[in-house]
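Asks: here you go, sequence then predicted model.
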Amino acid sequence: MPRPAAILDVDGTLVDTVYHHALAWHRAFLRQGLEMEVWRVHRRIGMGGDQLVSALLGDEVEAEHGDALRDAEKEIYDGMIDDVRPLPGARALVEALKERGHEVVLASSAKPDELDHYLDLLDVRELADAWTSSGDVEDTKPAPDLVQVARDRVSVEAAVMVGDSTWDAESAGRAGVPTIGLLTGGFSEAELRDSGADPVFSSLDELRARLAETPLR
């Protein structure tokens, strides 16, 4: 039997961006005269920008300010992106998955230009079989669209998601795909498990060392 494809989230899973995004959104809200504590923003990081404003402040704020907030967050985050670094073990995990015979798809709610930056930062263009971004779907996480598109881009039917947020696990669950969780996004093990992730690891290196104990075995 062919090995399942590995669908890898990017922000917070392969690259250390969660708190950069939380600060960028916080500052974007302030520009629009909207108060929103950083910790509350963090709880929604992993959602796409098309989902986050409504989730935090409701549909009325989304209708009035959503586009301006997304534009501001993009501008602010672009000013931070050169500070972003890969998480330890990111490329080594992709290499290990390929050596074991898995197809690998990077599935990110990031904007297309941000994903391009990450592909170069991680040096995985020649390793990954495919990648997806928010530009490929109408609705981002926690909708299942990104996971479904990622699965459609590989040759095997079975797939496993690897992600750092509850939104990754919810998105994959809605697509009928199991999730391996990581603590690298700042969500607790209990939260990830409650959202459907199993097992959960503290780091990419621990996951790589214990692949045989996961749905990617």
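Replies: It's in. Computed from a predicted structure; not experimentally measured.
Asks: buried residues in the top helix by length along the chain?
Replies: In the chain, with assignment by DSSP state H, the single longest helix is helix 59-78. Buried positions in helix 59-78, judged by neighbour count with 16 or more other Cβ atoms under 10 Å: 61-62, 65-66, 69-70, 72-74, 76-77. Bear in mind the C-beta positions are built from the backbone N, C-alpha and C, glycine included.
Asks: and stretch 180-189, by the same measure?
Replies: For stretch 180-189, a neighbour-count test (16+ other Cβ under 10 Å) marks 180-187 as buried.
Asks: which residues of the protein fall in helices?
Replies: Using DSSP H, the helices of the chain run over 18-31, 38-42, 49-57, 59-78, 90-99, 112-122, 145-152, 166-174, 189-194, 204-209.
Asks: could you chop this protein up by domain?
Replies: Domain assignment of the chain by automatic domain parsing yields the ranges 5-17+85-213, 18-82.
Asks: in TSV, list these along with mean pLDDT.
Replies: Shown next, in TSV, are the domains of the chain (pLDDT from 0 to 100):
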stretch	mean pLDDT
domain 5-17+85-213	96
domain 18-82	96
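Asks: picking that back up, mind checking which of the buried residues of stretch 180-189 are in strands?
Replies: Counting by DSSP state E, the part of the buried residues of stretch 180-189 found in strands is 180-182.
Asks: picking up where we left off before, and the helices of the chain as a markdown table, adding distance to I7?
Replies: Formatted as a markdown table, the helices of the chain follow (distance: least, Cβ to Cβ, whole Å):
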| stretch | distance to I7 |
| --- | --- |
| helix 18-31 | 19 |
| helix 38-42 | 23 |
| helix 49-57 | 19 |
| helix 59-78 | 24 |
| helix 90-99 | 11 |
| helix 112-122 | 14 |
| helix 145-152 | 5 |
| helix 166-174 | 7 |
| helix 189-194 | 16 |
| helix 204-209 | 14 |
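Asks: before we move on, the earlier item: contacts for the longest helix of the chain, please.
Replies: Contact with helix 59-78 is made by 20-21, 23-25, 27-29, 31-32, 34, 49-50, 53-54, 111, 114, as judged by Cβ atoms under 8 Å, 6 or more residues apart in numbering.
Asks: name the nearest residue to G181, sequence neighbours excluded.
Replies: Using Cβ to Cβ, 6 or more residues apart in numbering and skipping the chain neighbours, the partner closest in space to G181 is A197 (3.1 Å).
Asks: the one you found contacts L183, correct?
Replies: No. Using Cβ atoms under 8 Å, A197 is not in contact with L183; the gap is 10.3 Å.
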